[in-house]
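Novice: Pasting the sequence and the predicted coordinates here, then a few questions.
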Amino acid sequence: GAGVSQTPSNKVTEKGKYVELRCDPISGHTALYWYRQSLGQGPEFLIYFQGTGAADDSGLPNDRFFAVRPEGSVSTLKIQRTERGDSAVYLCASSLYGGSNQPQHFGDGTRLSIL
Amino acid sequence: AQKITQTQPGMFVQEKEAVTLDCTYDTSDQSYGLFWYKQPSSGEMIFLIYQGSYDEQNATEGRYSLNFQKARKSANLVISASQLGDSAMYFCAMREKGGKLIFGQGTELSVKP
C-alpha cells in the first residue's frame, strides 16, 4: 500500500519483557516521527528522524526507550524492561520533509498492552 | 512552552448542520503551522487541513475550513453540512521548530441523524 505501515497492529506481553515496534513510512518521505497515545489523550511526541539520524529525541520518557532508522526508511522503536505504564497506542508518522509545513501522515498504530 | 488547548471534550451536531470545534494555542514563535486531524473509532489519524502562521487567507479543504484569528491565537475548525461519517475525535496540533507536532486533548464530535 501507499500509506504508513506499522507492525504488529497489536502486541501483548508481560511486564519486564523487551518489545520492538516497526514502522515502514511512505516511500520517499525523509522525515519519520514516533508518538504515543494513551486512552483519551492526544498523541505525545517521542522521537523524530531526518534520514538516518535522530534529529530530536526529547520525547523519549527514559533510557528504556530507543529507536533506530539505519537505512533512512524503516524504523524500529525498542522498549526494554517494559512496565505497565508503557501500555498505549504507538503511532508512527512520516512526511516528505522534516521541519516543514508538510502534513504528517500516520499509520494505524501498534496497540501495546503490558500485563 | 508551546501548548494547544481544546476546551470542548464533546460536541453534538445535527446532520447537515455546520459545527465549529475550538482550538487555541500558545507560542512565542513567529513562524508556526497549525493542523487538524480526525481520528475515527478505528484509530487512524487522518490529516484534514493546515494553516501557516503567515497565511493571510483562511485555509479551506472541501467541507472543512479553518477560522484563523492570529491575534487571539485561535484556529477553530468549521465543518459544514455535517455527515454521519464525521463522527470522530478531532485533534488540533501545532508544529514546533524541527517539525514535531504538539496535540490538544481532542474533541469528540457526534453527528445525530
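Specialist: Yes, it's here.

Novice: Contact partners for the residue of chain B found nearest chain A?
Specialist: Residue of chain B nearest chain A, by Cβ to the nearest Cβ: B:F103 (3.2 Å). Any C-beta I mention is one placed from the backbone N, CA and C, and that applies to glycine too. Applying Cβ atoms under 8 Å, 6 or more residues apart in numbering or on different chains to B:F103 gives the contacts A:42-44, B:4, B:37, B:91-93.

Novice: please redo it, this time with the cut-off set to 10 Å
Specialist: A:35, A:37, A:41-45, B:4, B:6, B:35, B:37, B:45, B:91-94 (Cβ atoms under 10 Å, 6 or more residues apart in numbering or on different chains).

Novice: That one bridge partners, please.
Specialist: According to DSSP bridges, the partner residues bridging B:F103 are B:A93.

Novice: By neighbours, which of the contacts of B:F103 wins?
Specialist: B:C92 (29 neighbours; other Cβ atoms under 10 Å in any protein chain shown).

Novice: what's the nearest residue to it if we skip its chain neighbours?
Specialist: B:C23 (3.5 Å; Cβ to Cβ, 6 or more residues apart in numbering or on different chains).

Novice: residue contacts, the one you found?
Specialist: B:4-8, B:34-36, B:66-68, B:73-77, B:90-94, B:104, B:107.

Novice: Sort out which of those residues are in strands and list them.
Specialist: B:4-5, B:34-36, B:66-68, B:74-77, B:90-94, B:107 (DSSP state E).

Novice: Now do the phi/psi pair for the residue nearest to B:C92.
Specialist: phi -150, psi 120 (degrees, to the nearest 10).

Novice: cool, and B:L84?
Specialist: phi -60, psi -30.

Novice: for the one 4 residues further on, same thing?
Specialist: Main-chain torsions, B:A88, degrees, to the nearest 10: phi 180, psi 180.

Novice: Dig out what it forms beta bridges with.
Specialist: Beta bridges link B:A88 to B:L109 when assigned by DSSP bridges.

Novice: Buried residues in the helix or strand of chain A with the lowest mean pLDDT, which are they?
Specialist: Every helix and strand of chain A was ranked by mean pLDDT, DSSP states H and E. The lowest is strand A:53-56, at a mean of 92. Neighbour counts over strand A:53-56 (16 or more other Cβ atoms under 10 Å in any protein chain shown) mark A:54-56 as buried.

Novice: ditto for stretch B:12-26
Specialist: With burial defined by 16+ other Cβ under 10 Å, the residues of stretch B:12-26 counted as buried are B:13, B:19, B:21-25.

Novice: Contact residues of chain A facing chain B?
Specialist: Residues of chain A found near chain B (Cβ under 10 Å from any Cβ of the partner chain) are A:3-4, A:9, A:31, A:33-35, A:37, A:40-48, A:50, A:55-56, A:58-59, A:89, A:91, A:93, A:95, A:97-109, A:111.

Novice: Can you tell me which of the residues you listed are classed as buried?
Specialist: Buried among the residues of chain A next to chain B by 16+ other Cβ under 10 Å: A:4, A:31, A:33-35, A:37, A:42-48, A:50, A:55-56, A:59, A:89, A:91, A:93, A:95, A:98-99, A:101-109, A:111.

Novice: Which residue, neighbours along the chain excluded, lies closest to the most centrally placed residue in chain A?
Specialist: Centroid-nearest residue in chain A, with Cα atoms, centre = their mean: A:W34, separated by 3.2 Å. Nearest residue to A:W34, sequence neighbours excluded (Cβ to Cβ, 6+ apart): A:L46, at 4.2 Å.
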